[in-house]
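Asks: got a predicted model here, sequence first, then my questions.
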Amino acid sequence: MLLNPDKSEVLLAGTRVQTQKLQGSGLAVAGSDIKFSVKLKSLGVTLDQSLSLDDHVTSVVKASNFHIRALRHIRPTLSKEIANTVACSIVSTRIDYCNSLLHGTTEKNLHKLQRVQNALARVVTGSARRNHIQPVLKELHWLPVAQRVQYKVAVITHKVLSTRQPLYLADIIKEHRPTRQLRSSTQNLLAIRKTNTRLAERAFSISSAAVWNSLPDQLRSTDIDHLSFKKRLKTHLFAIAYCL
């Protein structure tokens, strides 16, 4: 594989203070100097230096609004069921793509994505803008964006704990093992290591444990098959989202 300096990108991720220290620097690879990029796109996700995902959310919102406008034009010719299918396939999938990375992001980013989902729900159901959105989302049986993020993290965590795959995630998830016998010893909890920054709290080793430990006891079991776990998890998050 040959290095093409014109097409190669390097991103320096860290806190604002850390990145400012190396502002204007680069990385020397195979005799080529590659400057640090302010942001780059990897596997469809736009990453910035602070890993805030602000640019990624902006990109998702822009693309989703384009498709919502297109769906609004043809909505009168579609049944509700078909409109729901189209909406989920072309917009909801964009909101859900790699959304586990959004755990710990700002409320502003979640609010932007929630507004997209609200607009999509109104197009599917034909609901007016003045109508309260919660009954509309409940009718469609859609989880709000914040719960969708928790759902994705919990599903990945359960799969890793049940199958020990993939290994690169299984190696960073540690079971909670107290030094003496406590009630928490039998609750299938995960260990949460202490961190000094908000950025570190968003690492999967931390976010997976935080989400997993917040689940009720009956869900924190690796004896439940994966399909049943997803059904029970959605029921649990749905009840929380709509106060059932």
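Replies: Received it, and whenever you're ready, just let me know what you need.
Asks: now do the strands in the chain.
Replies: Secondary structure of the chain, counting by DSSP state E: strands at 10-11, 26-29, 32-37, 39-42, 45-48.
Asks: relative to the second one, what are the paired strands and their orientations?
Replies: Strand 26-29 has its sheet partners listed here by DSSP bridges as strand 32-37 (antiparallel).
Asks: ok, of the strands of the chain, where does mean pLDDT dip lowest?
Replies: Lowest mean pLDDT of these: strand 26-29, a mean of 71.
Asks: just to revisit the earlier point, can you tell me which of the strands of the chain is most buried?
Replies: With neighbours defined as mean count of other CB atoms under 10 Å, the strands of the chain peak in mean count at strand 45-48, which reaches a mean of 17. Every C-beta, even on glycine, is put in place using the N, C-alpha and C of the backbone.
Asks: now for that strand, which elements pack on it?
Replies: Contact partners of strand 45-48 among helices and strands, from 3 or more CB pairs under 8 Å, 6 or more residues apart in numbering; DSSP states H and E: strand 39-42, helix 54-74.
Asks: so which of these is the most packed in?
Replies: Ranked by mean neighbour count, the helices and strands packed on strand 45-48 are led by helix 54-74 with a mean of 16 (mean count of other CB under 10 Å).
Asks: that older thread, now the helices and strands packed on strand 45-48 as TSV including distance to Leu169?
Replies: Formatted as TSV, the helices and strands packed on strand 45-48 follow (distance: least, CB to CB, whole Å):
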stretch	distance to Leu169
strand 39-42	18
helix 54-74	21
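Asks: related to what we said a few turns ago, rebuild the strands of the chain as JSON lines, extending it with distance to Arg220.
Replies: Shown next, in JSON lines, are the strands of the chain (distance: least, CB to CB, whole Å):
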{"stretch": "strand 10-11", "distance to Arg220": "35"}
{"stretch": "strand 26-29", "distance to Arg220": "42"}
{"stretch": "strand 32-37", "distance to Arg220": "40"}
{"stretch": "strand 39-42", "distance to Arg220": "32"}
{"stretch": "strand 45-48", "distance to Arg220": "29"}
